[in-house]
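In: okay, structure incoming, though there's no sequence with it:
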């Protein structure tokens, strides 16, 4: 894979589900006037494409072939696959159950990392959220952030999202599912979920999004004075 240009204008925001990545990423992007890319939506789109194709999600080469064959776009909170808006369906239980399996395949990750770096090149930078952005995709990002939150807080946030999408699920069930995904993502062989070297660690539990955004924007401003 081609490495990104050193010093690319990137804010990398990583962390597990429910840590606040999407909300914070959008806020930082607005504050800095940068576009935002949700790489998790890209992996979900591939998982959905695998389900739609009816292939074995555990087959790395078959999953990668599907990934390479589809057109994925993530823009302003809308995810499309070959032109179809799949923003809602990729957040459902079928895709959620398989996304960690599909995302663990090295050839799938290679294809999507290439796309993510191309996206930044095309946009001249951006706020990029995911699980391996600061550690693998953009190790030279201007600012690297790793968000965390308490397990209870993360589960409550995710359960609210599920209820908002008319999917009834208990906080306990959400927390159990998140624990399984955390274990899968943090122990996968390629690009595991971990904090990048030099990342700013922020626990979002009980903090307002505006406060966290301001902290990241301040960190970004400090790097401008150093470049």
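Out: Alright, I've got the coordinates. Computed from a predicted model, the values in this text were never measured in an experiment.
In: give me the contact list for the helix or strand containing residue 22.
Out: If you go by DSSP states H and E, residue 22 is part of helix 21-32. Identification of contacts with helix 21-32 by C-beta atoms under 8 Å, 6 or more residues apart in numbering yields 11, 13-15, 34-36, 38, 40, 77, 126-130, 145, 147, 204, 209-210, 212-214, 216-217, 220. Quick note: C-beta positions are derived from backbone N, CA and C, even for glycine.
In: can you tell me the closest non-neighbouring residue to the residue nearest the centre of the chain?
Out: Geometric centre of the chain, nearest residue: residue 130, 2.5 Å, by C-alpha atoms, centre = their mean. Closest residue to residue 130 apart from its sequence neighbours, by C-beta to C-beta, 6 or more residues apart in numbering: residue 39 at 3.6 Å.
In: and the pLDDT for the one you found?
Out: Residue 39 carries a pLDDT value of 97.
In: my read: it touches residue 134, true?
Out: No. In this structure, residue 39 is not within contact of residue 134 by C-beta atoms under 8 Å, at 11.7 Å.
In: neighbour count winner among the two?
Out: Between residue 39 and residue 134, counting by other C-beta atoms under 10 Å, residue 134 is the more crowded of the two (28 against 24).
In: ok so, going back, measure the residue nearest to residue 130 to residue 46 for me?
Out: Plainly put, residue 39 is 11 Å away from residue 46 if you go by C-beta to C-beta, to the nearest Å.
In: who touches both of these two?
Out: residue 112.
In: now do the helices in the chain.
Out: Ranges of helices in the chain, per DSSP state H, are 21-32, 39-53, 60-69, 93-103, 106-123, 151-164, 171-187, 209-226.
In: ok, back up a step: measure the residue nearest to residue 130 to residue 156 for me?
Out: Here the criterion is C-beta to C-beta. By it, residue 39 lies 24 Å from residue 156.
In: among the helices of the chain, which comes closest to residue 85?
Out: helix 39-53 (11.0 Å; C-beta to C-beta).
In: could you check how far the closest one is from the centre of its chain?
Out: Relative to the mean C-alpha coordinate of its chain, helix 39-53 is positioned 13 Å out (C-alpha atoms, centre = their mean, to the nearest Å).
In: and if you look at stretch 179-189?
Out: How far stretch 179-189 lies from its chain's middle: 14 Å, per C-alpha atoms, centre = their mean.
In: what of stretch 83-103?
Out: The answer for stretch 83-103 is 13 Å, by C-alpha atoms, centre = their mean.
In: cool, stretch 163-172 as well?
Out: Put simply, stretch 163-172 sits 21 Å off its chain's centre (C-alpha atoms, centre = their mean).
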